[in-house]
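In: please find the sequence and the predicted model below.
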Amino acid sequence: GLAFVTQAGIGLGLAKSVAIAYPTWGPEFASLIIAIIVVNQLLGPPLFKWAIHLVGESHERGEHCDHVGPRRVVIFGLEGHSVALAAQLKMHGWLVKLAERRNEPRDRVGEADIEIVHVPEYDVSSMRALGLDKADAIVVMLSDEENLRVCQLAYEHFGTPQMVARVNHHRLLTEFKELGVVVVDPAMAIVSMLDHMVRSPLAASVMLGTEEGQDIVEVEVRDQALDGKLLRDLRLPLDTLVLSVSRDGHMLVSHGYTALHLGDHVTVIGSEDSLEQVAVMFEE
């Protein structure tokens with residue numbers, strides 16, 4: 001970080017002092033120094049940034065490979081909760097893979113037809129073999145250290161849009177949040193769910209999937225024809241409602257005059273059949 005601290009003021013001040021103290025050769029020296037400072041200020045920061053990228057210390061978000069078709073998710077960790085989550089996501093049309101280092105017996109999966117991939121290590125090559133470059137989301141259900149490691153690799157090398165981590169302790173929360181990971185604390189999740197069941201039971205039941213025939217989905221605006229179109233002009237099924245629009249990671253309070261942009265994520269509530277029509281409308 002100190003390489004970005006400017007030293008131009010000190011150099012210009014010294015050059016001026018030399019020019020005054022030595023009138024015979026000082027002005028020429030000052031001109032040379034000023035020229036060097038200008039070159040340093042113009043070329044120094046870009047070259048320093050290039051060097052950081054060259055040694056792999058930039059830790060910027062990788063580029064995600066967009067794809068057409070069903071959404072894909074990779075769940076790390078083989079246990080009862082991960083299997084249940086995989087079955088639930090598959091029921092909603094997601095392509096699901098379970099990644100596990102240990103060679104667990106097949107009966108751990110039960111009757112669910114879930115693809116399990118055994119990997120030697122949670123590293124870049126194994127993640128690429130899992131198809132993480134085309135995954136829309138990952139869910140990590142390992143130890144906190146392994147969770148953070150997987151999220152860091154997914155962030156830097158694959159630019160995974162959505163990352164969810166189940167945490168056991170709070171000491172790594174800052175690191176998770178810097179990566180934009182959605183953190184789930186099992187204890188707090190139960191308390192929050194019960195709180196919403198008391199204060200807003202209908203909304204909570206829809207979120208939990210216990211309201212028969214109703215669901216909530218988030219779809220991405222991919223259709224060029226919808227770019228710039230107002231929500232009020234969309235011919236959505238009558239039994240659906242747009243709850244929110246997310247743009248560049250920020251949630252917008254949506255209304256009829258909200259204009260959609262490509263890449264927006266729109267949250268919609270409605271019947272399951274109508275939500276399938278909405279998904280086709282936004283993503284075709």
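Out: Everything's here; your move. Note that the coordinates shown come from a computational prediction; the quantities given were computed from them, not determined experimentally. Residues are numbered from 1 along each chain as shown.

In: please count neighbours and contacts with C-alpha atoms only from this point.
Out: OK.

In: report the separation between residue 222 and residue 236.
Out: As judged by Cα to Cα, to the nearest Å, residue 222 and residue 236 stand 16 Å apart.

In: ok, the two, which is more surrounded?
Out: residue 222 (19 against 16; other Cα atoms under 10 Å).

In: how many neighbours does the nearest residue to residue 58 once chain neighbours are set aside have?
Out: Counting by Cα to Cα, 6 or more residues apart in numbering, residue 52 is the residue found nearest to residue 58 once chain neighbours are left out, at 5.6 Å. Residues near residue 52, counting by other Cα under 10 Å, number 13.

In: just the element for residue 52, please.
Out: Residue 52 belongs to helix 26-54 when assigned by DSSP states H and E.

In: in that helix, what counts as buried?
Out: 26, 27, 29, 30, 33, 34, 37 (16 or more other Cα atoms under 10 Å).

In: which stretches of this structure form strands?
Out: 72-76, 95-100, 115-118, 137-140, 162-166, 182-184, 214-220, 240-247, 250-252, 265-271 (DSSP state E).

In: hmm, back to that, nearest to residue 185 among the buried residues of helix 26-54?
Out: residue 37 (51.9 Å; Cα to Cα).

In: may I have the beta-bridge partners of residue 95?
Out: Counting by DSSP bridges, residue 95 is bridged to residue 72.

In: and the helix holding residue 52, what does it pack against?
Out: Packing partners of helix 26-54 (3 or more Cα pairs under 8 Å, 6 or more residues apart in numbering; DSSP states H and E): helix 8-21.

In: next one: the helix it packs on to chain centre, how far?
Out: Computed by Cα atoms, centre = their mean, to the nearest Å, the chain-centroid distance of helix 8-21 equals 48 Å.

In: quick check: phi and psi at the residue nearest to residue 63 when sequence neighbours are not counted.
Out: Nearest residue to residue 63, sequence neighbours excluded (Cα to Cα, 6+ apart): residue 159, at 5.0 Å. Main-chain torsions, residue 159, degrees, to the nearest 10: phi 60, psi 40.

In: span of stretch 221-235 from start to end?
Out: Stretch 221-235: ends 15 Å apart by Cα to Cα.

In: so where is the chain shaky, pLDDT-wise?
Out: Low-confidence segments of the chain, defined by pLDDT under 70: 1-7, 103-112, 209, 284.

In: list the residues that contact the residue nearest the centre of it.
Out: In the chain, the residue lying closest to the centroid (Cα atoms, centre = their mean) is residue 161, at 3.5 Å. Listed by Cα atoms under 8 Å, 6 or more residues apart in numbering, the contact partners of residue 161 are 64, 136, 137.

In: ok, the first one touching residue 158?
Out: Pointing back at residue 64 there. Yes: Residue 64 is within contact range of residue 158, at 5.5 Å (criterion: Cα atoms under 8 Å).

In: which residues do those two both contact?
Out: Jointly contacting residue 64 and residue 158 under the rule Cα under 8 Å, 6+ apart are residue 133.

In: mind jotting down where the helices sit in the stretch 51-200 of the chain?
Out: For the stretch 51-200 of the chain, the helices defined by DSSP state H, counting those that start in this stretch cover 80-91, 124-129, 144-153, 173-178, 186-199.

In: give me the residues contacting the last one.
Out: Helix 186-199 has contacts (Cα under 8 Å, 6+ apart) with 166, 167, 168, 203, 204, 205.

In: go with 6 Å
Out: residue 204 (Cα atoms under 6 Å, 6 or more residues apart in numbering).

In: could you do the third one as well?
Out: With Cα under 6 Å, 6+ apart as the test, helix 144-153 has contacts from 140, 167.

In: what angle do it and strand 162-166 make?
Out: Angle of helix 144-153 versus strand 162-166, following axes from the mean of the first three to the mean of the last three Cα atoms, to 10 degrees, is 170 degrees.

In: ditto for the first one
Out: Regarding helix 80-91 and strand 162-166, their directions subtend 150 degrees when assessed with the same axes, to 10 degrees.

In: which helices and strands sit right next to helix 80-91?
Out: The helices and strands touching helix 80-91, judged by 3 or more Cα pairs under 6 Å, 6 or more residues apart in numbering; DSSP states H and E, number zero.

In: list the buried residues in that helix.
Out: 82, 83, 86, 87, 89, 90.

In: what do you get for the fourth one?
Out: The neighbour-count check on helix 173-178 (16+ other Cα under 10 Å) flags residue 176 as buried.
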